[in-house]
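J.: here are the coordinates; sequence isn't available:
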């Protein structure tokens, strides 16, 4: 198996890095334009078009509305297998814009692709920069998997902005659940005995979840908000609704949490006499990431070679969730993090949003893009490395850590 360090910095790698440096000003402008114009999930028409046009202008063959998804694209360079995919994200958060730094993730994907394209005629394969919409809760990568958008991809990667630099990091499996209670509206003062209070059912669900947390594993997370609680204090609410997010360290336990959550909601309905509907949002069923260790180590080596300190994942690492976990269930992949804000800066915050527009953040992100380009080059000129990466994935599949391509597509 290829050892780390077996691929020295040579004219191919140097030319790729020079191409990224040459495009720096345009890349920074692209990122800042996306940052100034945040668009929500599946509404990223301007951002998607910007990145696609940027790559088309630099010689990529660009497919718009890739896999039938309006705000996805695919930009190819090279014409033969194998194919390495570099992924972009560009959706924003409600109210606070690019507080997850997806403007930088769009830039990093484009930059890495530009570097590889500059030397693609000296490689054996193809690079595909894929625009993946709707990461923030709507599962754009899941939709791409279902539509066959990764069927010809041998390995995939992207880098996330963060407050620490990590080559290897896992994530929580997660799912969104919508709960609706239906009761009977009556006058709350004169005829309360004839009503059925839907809001009571929802409130009892929250109370039950507070009790359930004592019996959940420490890695589980159950969060929720009331989205509809009635309209007037003197009317027994006939309808109440809540939105919930359930998470766990692995997809198997996440599914167990879903069932236990559903039992709590059904118990609340039984206690109040209301009818309940528990709807698990399949498109938001994010699997936990299982990064390819060989790819992650190679990425970390290249990043350190570019002068960046790389931290180790801690046992109590604070983690969120991403639909990149679903991609990693189907094929080898990595999802490292690059520090663009002071350590401890919370994601999905105003502070992180502001950090994602700084010169320092863009400089750090460009280094991460260079490391991705170098890993892609390694894969496309070293068949033994790609075989080793696939062998590791197959071992993970046999261990039950990942499902494999066919089962992952069926599951989603």
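T.: On my side now, so go ahead. The shown structure was predicted, so the numbers you read here are calculated from the model rather than taken from an experiment.
J.: domain map for the protein?
T.: With domains defined by automatic domain parsing, the chain comprises 11-171+289-411, 173-285.
J.: now mean neighbour count and mean pLDDT too, for these, in TSV please.
T.: The C-beta positions use only the backbone N, C-alpha and C, and glycine is treated the same way. Converted to TSV, these look like this (neighbours: other C-beta atoms under 10 Å; pLDDT from 0 to 100):
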stretch	mean neighbour count	mean pLDDT
domain 11-171+289-411	21	95
domain 173-285	17	95
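J.: now the residue nearest to residue 269 when sequence neighbours are not counted, what's its secondary structure?
T.: If you skip the residues right next to it in sequence, residue 269 has residue 276 as its closest partner in space, 3.8 Å away by C-beta to C-beta, 6 or more residues apart in numbering. Put simply, residue 276 is strand when judged by DSSP: H, G, I helix; E, B strand; the rest coil.
J.: now residue 161
T.: Residue 161 is classified as strand under three-state DSSP.
J.: how about the residue nearest to it when sequence neighbours are not counted, what does it touch?
T.: Spatial nearest neighbour of residue 161, excluding adjacent residues (C-beta to C-beta, 6+ apart): residue 101 at 3.1 Å. Applying C-beta atoms under 8 Å, 6 or more residues apart in numbering to residue 101 gives the contacts 160-162, 340, 347, 352-353, 355-356, 361.
J.: equivalent analysis for residue 77, please.
T.: 59-61, 113, 116-117, 120, 126-127.
J.: about what we covered before: just give me the closest of the contacts of residue 101 to residue 251.
T.: residue 160 (19.7 Å; C-beta to C-beta).
J.: where do the helices sit along the stretch 301-412 of the chain?
T.: 324-330, 350-355, 359-381, 383-398, 405-411 (DSSP state H, counting those that start in this stretch).
J.: distance to residue 226 for the ones you listed - can I get that in TSV?
T.: Shown next, in TSV, are the helices of the stretch 301-412 of the chain (distance: least, C-beta to C-beta, whole Å):
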stretch	distance to residue 226
helix 324-330	28
helix 350-355	24
helix 359-381	36
helix 383-398	40
helix 405-411	31
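J.: so which of these gets nearest residue 26?
T.: Checked against C-beta to C-beta, the stretch from the helices of the stretch 301-412 of the chain lying closest is helix 359-381, at 11.7 Å.
J.: hmm, residue 292 is touching residue 155, no?
T.: Yes - if you go by C-beta atoms under 8 Å, residue 292 and residue 155 touch, sitting 7.4 Å apart.
J.: list residues touching both of the two?
T.: In contact with both residue 292 and residue 155: 332-333, 389, using C-beta under 8 Å, 6+ apart.
J.: from these, pick the one nearest residue 322.
T.: Nearest to residue 322 among the shared contacts of residue 292 and residue 155, with distances taken as C-beta to C-beta, is residue 333, at 11.0 Å.
J.: give the bridge partners for the closest residue to the closest one other than its chain neighbours, please.
T.: Spatially, and ignoring its direct neighbours in sequence, residue 333 is nearest to residue 156 (4.3 Å; C-beta to C-beta, 6+ apart). On the basis of DSSP bridges, residue 156 is bridged to residue 85, residue 333.
J.: from residue 129, how far off is residue 156?
T.: From residue 156 across to residue 129, the span is 11 Å (C-beta to C-beta, to the nearest Å).
J.: tell me, what's touching the two both at once?
T.: In contact with both residue 156 and residue 129: 85-87, using C-beta under 8 Å, 6+ apart.
J.: tell me the contacts of the residue nearest the centre of the chain?
T.: Centroid-nearest residue in the chain, with C-alpha atoms, centre = their mean: residue 322, separated by 3.1 Å. Contacts here follow C-beta under 8 Å, 6+ apart; on that basis residue 322 touches 135, 160, 171, 286, 289, 335.
J.: re the thing from before, so which of the helices of the stretch 301-412 of the chain gets nearest residue 32?
T.: Comparing the helices of the stretch 301-412 of the chain by C-beta to C-beta, helix 359-381 comes nearest, at 8.2 Å.
J.: from the chain's centroid, how far away is the closest one?
T.: Put simply, helix 359-381 sits 18 Å off its chain's centre (C-alpha atoms, centre = their mean, to the nearest Å).
J.: just stretch 329-349 next, same as before
T.: 9 Å.
J.: do the same with stretch 219-227
T.: 19 Å.
J.: about what we covered before: now, the most widely separated pair of the contacts of residue 101?
T.: Applying C-beta to C-beta across those, the maximum distance is between 160 and 353, 14.7 Å.
J.: in a markdown table, list the contacts of residue 322 along with distance to residue 105.
T.: Putting the contacts of residue 322 into a markdown table (distance: C-beta to C-beta, whole Å) gives the following:
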| residue | distance to residue 105 |
| --- | --- |
| 135 | 9 |
| 160 | 6 |
| 171 | 15 |
| 286 | 16 |
| 289 | 15 |
| 335 | 10 |
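J.: tell me which two of those residues sit farthest apart.
T.: So, the contacts of residue 322 by C-beta to C-beta: farthest apart are 160 and 286, at 13.8 Å.
J.: show me where the protein has strands.
T.: 61-64, 73-77, 83-88, 126-131, 155-157, 160-162, 173-182, 221-228, 239-248, 275-286, 333-334, 337-339 (DSSP state E).
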